[in-house]
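Chemist: need the 3D shape of this:
(chains A, B and C)
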Amino acid sequence: MPELPEVEITRRHLADAIDGRRFMDVSVRHPRTARHNGGDPAVVEQRLQGRKAGNVARHGKFLVVPLDGGMTMVAHLGMSGRFRIDDGLGPEAPHTHFVSKMDDGSVVSFIDPRTFGFVAVFDEVELESTGLARLGPDAWETPPSVSDLAVVLRGRKAPIKALLLDQGPIAGLGNIYADEALFLAGIDPRTPGGELTEDQLEGLLTAIRLVLAGAIEKGGTSLDDLAYLLPDGRAGENLTSLQVYGRAGEPCFRCGEIIDKVVIRARSSHFCPGCQHG
DNA sequence: AACGATCCCTGTTGGC
DNA sequence: TGCCAACAGGGATCGT
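Modeler: Numbers count the residues shown, from 1 in each chain, chains lettered A, B, ... in the order given. Modelled structure (predicted):
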């Protein structure tokens, strides 16, 4: 699943392809891909057509591209979205919902079977009304200090796992890396966020840093089903690094206890009862 | 305000 | 073997 590491890898590839280049022949094929522009593919096409991209940025799991003329392109990979960059000569992949030829002749396309992702072009007012405006500090580029995080979590009764998925306290973690970071920090995912000590929060921030760094270095996590793929078509190699995610019923690599799975906020949470505590 | 539930969607998987 | 229900989950929205 695309989370911060996968989006960051995508950002780097996209930056190579579109920074400073112009969008030509924009085509949006699916109303759900355009749902943040009223579900009208023509709006995305018209707003993007002929515009020149600035530098591709990332905030949490959102990709943000400033455009000349003042508007901003925002894209999200959702569950199954991926960008592809090629010469446009080969066959189009199934579920290709966005295609744009750039002014150097390369072709950027967005492939998204489950259509949880989107491509949008916003003016300044619209930009403020999206989830982007509600994001907390980026977990990788601008992680919060221990004291900042403590303030945000003070009094919160929701499980720390739910708060990590919320993107408000800290932005970029999804189900895989939230579980992995909590394991590394030795924290039970059900622990109310407000009950974590400063020591635990410091450990959690360190664990997040390590988990994200490892995943980015390995090109992200490609699961075996709807594979997340890098924009050049390769698979990420982080799967074998996972300690708890997807390992329910198997022994913990560290202590041998059986990895457990519980549902938190309608998401499965994997953890080791031997290593993780409130 | 905080929190949980529900919905969206389709490829894959597991049970019968 | 074949069919179909269940499952996976990021974010938006809504109800409590």
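Chemist: break chain A into its domains for me.
Modeler: Domains of chain A are assigned by automatic domain parsing as A:4-134, A:146-271.
Chemist: ok now the shortest one, how far from the chain's centre?
Modeler: Same thing as domain A:146-271. What separates the centre of domain A:146-271 from the centre of its chain is 13 Å, taken as CA atoms, centre = their mean, to the nearest Å.
Chemist: thinking again about what came up before, now tabulate the domains of chain A in CSV and tack on mean neighbour count, mean pLDDT and distance to DNA strand C.
Modeler: Every C-beta, even on glycine, is put in place using the N, C-alpha and C of the backbone. CSV is the format used below for the domains of chain A (neighbours: other CB atoms under 10 Å; pLDDT from 0 to 100; distance: least, CB to the nearest atom of the strand, whole Å):
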stretch, mean neighbour count, mean pLDDT, distance to DNA strand C
domain A:4-134, 18, 95, 2
domain A:146-271, 18, 92, 3
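Chemist: CSV please, covering those and showing distance to A:Trp140.
Modeler: Conversion of the domains of chain A to CSV gives the following (distance: least, CB to CB, whole Å):
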stretch, distance to A:Trp140
domain A:4-134, 6
domain A:146-271, 5
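Chemist: including distance to DNA strand B, could those go into JSON lines?
Modeler: Shown next, in JSON lines, are these (distance: least, CB to the nearest atom of the strand, whole Å):
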{"stretch": "domain A:4-134", "distance to DNA strand B": "4"}
{"stretch": "domain A:146-271", "distance to DNA strand B": "4"}
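Chemist: what bridges to the closest residue in space to A:Gly54 that isn't next to it in sequence?
Modeler: In space, and not counting its chain neighbours, A:Gly54 is closest to A:Pro66: 3.8 Å by CB to CB, 6 or more residues apart in numbering. Beta-bridge partners for A:Pro66, by DSSP bridges, are A:Thr72.
Chemist: for A:Pro66, give me its contacts.
Modeler: When the contact criterion is CB atoms under 8 Å, 6 or more residues apart in numbering, the partners of A:Pro66 are A:53-55, A:57, A:72-73.
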